[in-house]
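output the structure for:
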Amino acid sequence: MTGSYTEASVKRKNNASIYFAKAGLIFLVAALFVLGFLGPQFLMLIGLGLGCLAFFYLFPRLEAEYEYIFCDGQIDFDRINGGESRKTVLRIDLDNVEVMAPENSDEIKKHGNAELKVRDFSSHDPEAKKYCIISSDETNRVKILFEPSEKMIELAKQKAPRKVFTE
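Okay, the predicted model is just below:
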């Protein structure tokens, strides 16, 4: 078997908007409980239902992890919500890739003048070493940010040596 396979994963760091969303939901549930004690009882039931919905469905969806799977020249970008729900968000083939290089490299800057849709599958950690892929298909071009492992970079370079750049 001559296939090449590797995977890597990163956990997305929470930003301020996620903390505000969680705090807002907690405040709303608490307010409904207090109003339920003081006024109509159905508000307490709505608060209980919203609290269960937030705890079991919404909060886990706010905790995301990205997994990258490289298999024979294809890279899958999967999003894992709450550690249990996995969805393949994007699949690209290295044949459709124009360039893969570190985020701030000259190779990426050459392609950076055009309007590109940006897909960010990174951890949002400023210390992390991000790579960028500029890929195109029949209809549009996309810029993908991610944090591959060294083995993934090596296998991609073996598959497409003229498209993959390091440092």
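
contacts, neighbours, all on C-alpha from now
Noted.

quick one, what contacts the residue sitting nearest the centre point of the chain?
What sits nearest the mean C-alpha location of the chain, by Cα atoms, centre = their mean, is residue 121, with 3.3 Å. Going by Cα atoms under 8 Å, 6 or more residues apart in numbering, residue 121 touches 66, 77, 144, 145, 146, 147.

my read is that the fourth one contacts residue 117, right?
No: with contact defined as Cα atoms under 8 Å, residue 145 does not count as touching residue 117 (11.0 Å).

so if I had to pick from the two, which one is more boxed in?
Neighbour tally, residue 145 and residue 117, criterion other Cα atoms under 10 Å: the higher count belongs to residue 145, 21 against 12.

of the contacts of residue 121, which pair is most distant in space?
Spanning the widest gap among those are 66 and 144, at 12.7 Å by Cα to Cα.

the two: which has the busier surroundings?
In this view residue 66 and residue 144 are compared by other Cα under 10 Å, and residue 66 has more residues nearby, 25 against 22.
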